[in-house]
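J.: got a sequence here, can you model it:
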Amino acid sequence: MLVNFHFCAVFKNIINFKTKIMMKFILFISLYLLSLIGFSQTKPQTHTITATVTNAVSDKGKVYFSLYTSKENFENHIPFAKAVSTIQEGVSKVVFTNLKSGVYAIMCFHDANNNGKMDFEPTGMPLEDYGASNNVQNFGPPLFSDAKFEVADTDLFLKIKF
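T.: Prediction:
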């Protein structure tokens, strides 16, 4: 009986030893898998929009670009982002970076006299050329619904004509 008791104690120690090893192994694997999950999370993908005016009538002045994210901001001239570019051989280009997927619209104008604003006649007619994404040609200011476009999977390259 003493042998049997001793055998049980040894067997119990072996089981405890194996259990401890198994628990450490399970803990190690769990921590390893959790670390993989942490590394697999990626930053949200961002995009760029390259907007190019292709038909400025002169290289004098600059082209001002405004990027909008909503109808309200478009109509109230509250841009999400702005950019200014010089003109070379009738072409002006800007790049908007780090943009999330979504709906956008661009409006731009040629500030030919370099006063930093778009000039109008007393009747409200523009004195300087302007354009919008999707090359909207309205009588009156462009509408967001006509100028909007979607940024989804890839970077965009837009050509805007005055």
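
J.: how is this structure carved up into domains?
T.: 1-41, 47-160 (automatic domain parsing).

J.: which stretch in these is the model least sure about?
T.: Lowest mean pLDDT within the domains of the chain: domain 1-41, at a mean of 58.

J.: quick check: residue 147 touching residue 133?
T.: Yes. Assessed by Cβ atoms under 8 Å, residue 147 is found in contact with residue 133 at 4.7 Å. In short, each C-beta sits where N, CA and C put it, glycine included.

J.: residue 93: neighbouring residues, count only.
T.: By other Cβ atoms under 10 Å, 18 other residues sit near residue 93.

J.: the residue nearest to it when sequence neighbours are not counted is in what secondary structure piece?
T.: Of all residues not flanking residue 93 in the chain, residue 52 sits nearest, at 4.4 Å (Cβ to Cβ, 6 or more residues apart in numbering). Applying DSSP states H and E as the criterion places residue 52 in strand 47-53.

J.: can you list the strands that that strand pairs with?
T.: strand 92-99 (antiparallel), strand 156-160 (parallel) (DSSP bridges).

J.: can you put these in JSON lines and add distance to residue 118?
T.: Below are the strands paired with strand 47-53 laid out as JSON lines (distance: least, Cβ to Cβ, whole Å):
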{"stretch": "strand 92-99", "distance to residue 118": "15"}
{"stretch": "strand 156-160", "distance to residue 118": "15"}
